[in-house]
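Q: okay, here's the prediction I keep looking at, along with the sequence it came from:
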Protein chains: 2
Amino acid sequence: MKIIIIGGGLVGSLAAVFLGQKGHEVHLYEYRQDPRGTTLNEGRSINLALSMRGRTALRAVGLEKIVLQKAIPMDGRMIHKTDGTTSSITYDPVLKNCIYSVGRKHLNELLLDEAENSPNVHLHFGKKLLKVNVSSGTITLKVPDGATEEVKGDLIIGADGAHSAVRRDLMKATPVTFSQTYIDHGYLELSIPPENNHMMAPNHLHIWPRGKFMMIALPNLDGSWTVTLFMPLSSFTTLRATKDILGFFQTHFSDAVELIGADRLVRTFMANEASHLVSIKCSKYHYGSKVVIIGDAAHAMVPFFGQGMNAGFEDCTILNDLLHNHDYSVNRALELFSIKRNPDAEAICDLAMYNYIEMRDLVNRKSFIIRKTVDNMLYRIVGSKWVPLYQSVTFTNMNYNQCLKNKKRQDSVIRKASLFALAAGTVSVAVFLLPKIMTGHSPLPNDFCSAHG
Amino acid sequence: MKIIIIGGGLVGSLAAVFLGQKGHEVHLYEYRQDPRGTTLNEGRSINLALSMRGRTALRAVGLEKIVLQKAIPMDGRMIHKTDGTTSSITYDPVLKNCIYSVGRKHLNELLLDEAENSPNVHLHFGKKLLKVNVSSGTITLKVPDGATEEVKGDLIIGADGAHSAVRRDLMKATPVTFSQTYIDHGYLELSIPPENNHMMAPNHLHIWPRGKFMMIALPNLDGSWTVTLFMPLSSFTTLRATKDILGFFQTHFSDAVELIGADRLVRTFMANEASHLVSIKCSKYHYGSKVVIIGDAAHAMVPFFGQGMNAGFEDCTILNDLLHNHDYSVNRALELFSIKRNPDAEAICDLAMYNYIEMRDLVNRKSFIIRKTVDNMLYRIVGSKWVPLYQSVTFTNMNYNQCLKNKKRQDSVIRKASLFALAAGTVSVAVFLLPKIMTGHSPLPNDFCSAHG
């Protein structure tokens, strides 16, 4: 098959690797320049958390080991309290799984290199998609000299991100139920320089949860940390002057001022606008046997479960399996991809939205620690029958929708068990007290009894 | 102000009338040809139900009376049962309000004529919007000879329908939370010829509710009726052959076969595809002081509450009021339009979706009639404190969101009252029975008592 991939980011380049290895003629078009050999970082997050679904996809193309060699394991969350004290919450005390901090640019370059290893994969940079004719499978590109170029393929894969042009043209051609939700919160990236690395507990994802907002930090290979502040967009706009920025940080993130450095903090704050966060759902990912969208183009999510890249990589695994299943025509494979993947993609979009509340607020509460303890105890005892939500999403390949359903079932069991425990407690007290009261041998203090005659 | 209106349908042409009367320089662009003097009907519904909000807007520009002269009053629903019997349910037994069937083409032409009465209103047909530059307020049009034309205005109003190009460019310029939902049901328009008019009860909106699907009919001035069949798209695809179509109608709409005529029925069915139904919500309708969207462009809804046109006309009233309120700059007026109108628009979109279930199913149940009776009794007794949902949406200018809130409150009151009635009933029975049982004078049959010793 001649396959056209639009988008040379993480998901597009992994798709090229998958399909190149299967011997297809693959043409990947990316509107940016080749990132290899540039130092540019175009406003995308610098590092990401790689977990099981991403690893499974990389393993399938033989790249898992090489990626993990340059990844930093994170076994738990390190919670920074307002007073500067910290405490660690392990991600998976039962099976000891961890997540990995990987550099976006490094991973992208590695995937592009690997894609080019197949002689049948052709990478085209600096060519921007203008239009997709979804019924004929023809794309129109704007090439660097300003002219346009038409290319026809048997299959067009749109891996062109949240603002996908492929999706736009897919939606023009067929009725698609679609939603995009901008949340009220935005984000700004800061950084801790390598010289302050010794002040950060290694092998953790650091979180400063503050109820209505939060900050997180992931480690980089050079010893630096990428710090991201998430908060209401309206709060960002109130922080314009040096004294406001420093005042805000000294109040809420006092330890971070030293880590980042006051000067660097203010400079970054003043030079950048907060970025928006969008969640995108789409009811159907394909058109006939000609077009399919994957990754953020199909299901962009807010970044709070660390699953955006992992879900996109899992799309590649699933689509590759369906396309090479001899029971299915291409048409049927794409149709099954839409049907099978949609409930899972919508589930992880919802879970990611919910996890923001957990990360910025709940993680700080006693009830969160108690629930995690109960969950992990049950996980230890009954094993795969009680995989806690975080673990099932992050450390298994279980369908996201199944993870969500299990979580709801677990919540209901815990709710009923708590009620039962409360009732049992009440009954025990009653059984203990009543006979004594009836026989006059009250276990209650004398003055209590006497007051009641 | 120089105001550009995109779209010369019902809402765009009414907006032109409003703003022309205020003395603005108005340029309206419509990609179709001038409908006046053509017989074309481009796949849009032929007639619509005009109710209070639409009348209020028409009254404000002095057109209500002339519109009502060529409108057909409908006081109630005429329900057609499967056996061919019919029964009428009055819309507003308390205040005797009715809705009006109006012809889309007639109303559109009347509004265009009225707009042109202002020397400062200019209508441009056959010019298609290609692009809006929302920050400069410049539009690019494709003119009939294929060339492009640029026009700049102080304000651009997008009244260009559910697939609005103005909205598309607004969404490119600023983060907008947006959703479009295609429902599983589609529709097909049929018609009853004037010669069968005598077989239809006049002054009613006719409904054939069938649970999972339904058919409705609205009268036209020439004695014909426009009939619309709504049902799952998957069901339409099973009706391809003459015998299947006739079999389906004879089973479910036996009286309609005679009304429409078997030949005409099959012919229309075979010559047309079912159309899709979409519901669209959008979080923000404006950009700075330059662009605003109204009508279906801002809030397309499914047609089951008969409020699409009425809500669009109400947009014109509200926007006109805000723009000419001297307390507000244009920027502020548009901002207020977004803030004020969004919850109401989303409420009517939801209500319209819900009303499909009511029309195709509930309307056929005893509980529906009982609830309507209770609602109308309370309406008669407590007046404006208990305006039933249908009445508040259709016969008042109450904010849609308030209508929805009232309905929820009413449901809750009725639920509690029913529970109370049930409890009171149980208590009465107990009070009546218990003393007799205790004293041996049971009011129960003797054999019942003897069986229990």
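A: Happy to help now that I have it. Residues are numbered from 1 along each chain as shown, chains lettered A, B, ... in the order given.
Q: CA atoms for contacts and neighbours, from now on please.
A: Will do.
Q: in the stretch 201-350 of chain A, which residue sits nearest chain B?
A: A:His276 (7.9 Å; CA to the nearest CA).
Q: pretty sure that residue sits in a helix.
A: No: per DSSP: H, G, I helix; E, B strand; the rest coil, A:His276 lies outside any helix segment and is strand.
Q: A:Gly186 is in contact with that one, correct?
A: Yes: in this structure, A:His276 is within contact of A:Gly186 by CA atoms under 8 Å, at 4.8 Å.
Q: between these two, which is the more surrounded one?
A: A:Gly186 (21 against 17; other CA atoms under 10 Å in any protein chain shown).
Q: now A:Val387. Nearest residue, chain neighbours left out?
A: With CA to CA, 6 or more residues apart in numbering or on different chains as the measure, A:Tyr379 is the residue that lies nearest to A:Val387, at 5.7 Å, once sequence neighbours are left out.
Q: quick one: contacts for that neighbour?
A: Counting by CA atoms under 8 Å, 6 or more residues apart in numbering or on different chains, A:Tyr379 makes contact with A:94, A:385-388.
Q: which bits of the stretch 151-300 of chain A sit near chain B?
A: Contact residues, the stretch 151-300 of chain A versus chain B (CA under 8 Å from any CA of the partner chain): A:175-182, A:276.
Q: buried subset of those?
A: Buried by 16 or more other CA atoms under 10 Å in any protein chain shown: A:175-182, A:276, out of these.
Q: which one of these is nearest B:Leu63?
A: B:Leu63 has its nearest neighbour among these in A:Pro175, at 37.1 Å by CA to CA.
Q: residues contacting the closest one?
A: So A:Pro175 contacts B:182, B:276 (CA under 8 Å, 6+ apart).
Q: distance of it relative to B:Asn272?
A: Using CA to CA, to the nearest Å, we find A:Pro175 at a distance of 18 Å from B:Asn272.
Q: show me which of the contacts of A:Tyr379 has the smallest pLDDT value.
A: pLDDT is lowest at A:Lys385 among the contacts of A:Tyr379; the value there is 85.
Q: tell me the domain ranges of chain A?
A: A:2-73+A:97-180+A:279-355, A:182-276, A:364-406, A:416-451 (automatic domain parsing).
Q: for these, give me JSON lines that also has distance to B:His27.
A: Shown next, in JSON lines, are these (distance: least, CA to CA, whole Å):
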{"stretch": "domain A:2-73+A:97-180+A:279-355", "distance to B:His27": "28"}
{"stretch": "domain A:182-276", "distance to B:His27": "33"}
{"stretch": "domain A:364-406", "distance to B:His27": "51"}
{"stretch": "domain A:416-451", "distance to B:His27": "65"}
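Q: comparing these, which comes out most buried?
A: For these, average neighbour numbers computed from mean count of other CA atoms under 10 Å in any protein chain shown are highest in domain A:2-73+A:97-180+A:279-355, which has a mean of 20.
Q: now it: mean pLDDT?
A: 96.
Q: circling back: now do the same contact list for the residue of the stretch 201-350 of chain A closest to chain B.
A: Per CA under 8 Å, 6+ apart, neighbours of A:His276: A:182-183, A:185-187, B:175.
Q: show me the buried ones among the residues of the stretch 151-300 of chain A next to chain B that map onto strands.
A: Applying DSSP state E to those, the entries found in strands are A:178-182, A:276.
Q: of the domains of chain A, give the one that comes closest to B:Cys403.
A: Comparing those by CA to CA, domain A:2-73+A:97-180+A:279-355 comes nearest, at 25.7 Å.
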